[in-house]
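Novice: any chance you could fold what I've pasted below:
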Amino acid sequence: MATWFQRLSDVSSLARSEHMLKEMLAELVQELGFDCYAYLNVQPVRVFAVSNYASEWQARYLAQGYAKIDPVVAIAKEQMRAFTWMADASRSLPKRLRHFYSEAGDFGIRSGISIPVRTAFGHMSMLTLASHKLSLAVEKDIDQIAAVTAVAQLHAKLEQQDAEPTANVQVELTAKQALCLRWSAEGKTMKDIAAIEGMSFATVNFHLNNARRTLDAGSLAQATALATKLKLI
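Specialist: Model prediction:
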């Protein structure tokens, strides 16, 4: 597979457009004997994919929050190294996890290789090559350096091209939450916002706290930054 990872680096370097990159990546994945690929970018609140999985599965995966229970994502975060995996049909698994594996199998996702990489500001991206086969016959040892280097280059290329996600999580704020966060972004204190909008201090605090929880932010400053980045305010 070391040769394949070198080819992935070549493709990432060569592709001059987002369309070309996605097309060449799909061909490269099939040449290796896999059916499809999924690049997943995992950030607080914002999780998005660039993939040629069935669009119905991509939408369902993100809408149902499967990234939070997907064992492949959990292993990637814990180990941060390339690894092979296969679906687990064990009856001992929690019902929701068994349902997840069953759904993935319905879309022909039963085994694969995943390569996670650390990205800026403590985030993670990962590339998964998936197969309909129940098990894989690949080299026992994956060249970790070659794998991570190639996927890091792919990540950089997708970032550079500002690639359009094929699926992403939509986060929504209420009108009042967005309004209060916008004033916060303008440097206004909660007392200022209350006076400007004719609200009580407690009401402003209520809306800002709910916005912070919705954005899974640890502070008001982080919530404001995330809302701005996601173009919610």
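Novice: beyond the helix or strand bottoming out on mean pLDDT in the chain, next helix or strand please.
Specialist: Confidence across the helices and strands of the chain bottoms out at strand 167-168, with a mean of 82, counting by mean pLDDT, DSSP states H and E. Under the assignment DSSP states H and E, the closest C-terminal helix or strand after strand 167-168 is helix 175-185.
Novice: let me see the mean pLDDT of that next one.
Specialist: Averaging pLDDT along helix 175-185 yields 94.
Novice: from the contact counts, what lies against that helix?
Specialist: If you count contacts as 3 or more Cβ pairs under 8 Å, 6 or more residues apart in numbering; DSSP states H and E, helix 175-185 packs onto helix 190-197, helix 201-214, helix 220-229. (Each C-beta comes from the backbone N, C-alpha and C, glycine too.)
Novice: reformat these into TSV and put mean neighbour count, mean pLDDT and distance to Q6 next to each item.
Specialist: Formatted as TSV, those follow (neighbours: other Cβ atoms under 10 Å; pLDDT from 0 to 100; distance: least, Cβ to Cβ, whole Å):
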stretch	mean neighbour count	mean pLDDT	distance to Q6
helix 190-197	16	95	55
helix 201-214	17	94	43
helix 220-229	18	88	34
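Novice: packing partners for the top helix by length along the chain?
Specialist: If you go by DSSP state H, the chain has its longest helix at helix 144-160. The elements that helix 144-160 packs onto, with contact taken as 3+ Cβ pairs under 8 Å, 6+ apart, are helix 2-14, helix 18-31, strand 36-42, strand 111-119, strand 123-131.
Novice: closest to V72 out of the ones you listed?
Specialist: The closest of these to V72 is strand 111-119. By Cβ to Cβ, the value is 5.4 Å.
Novice: where does pLDDT dip in the chain?
Specialist: Where the chain drops to pLDDT under 70, the residues are 138-140.
Novice: just the residues contacting stretch 45-61, thanks.
Specialist: Contact with stretch 45-61 is made by 22, 26, 36-41, 62, 66-67, 70, 103-104, 107-109, 130, 158, 163-169, 171, 215-217, 226, 229-230, as judged by Cβ atoms under 8 Å, 6 or more residues apart in numbering.
Novice: to clarify, my last question referred to stretch 210-226.
Specialist: With Cβ under 8 Å, 6+ apart, stretch 210-226 has contacts from 44-46, 171-174, 177-178, 180-181, 184-185, 208, 227, 233.
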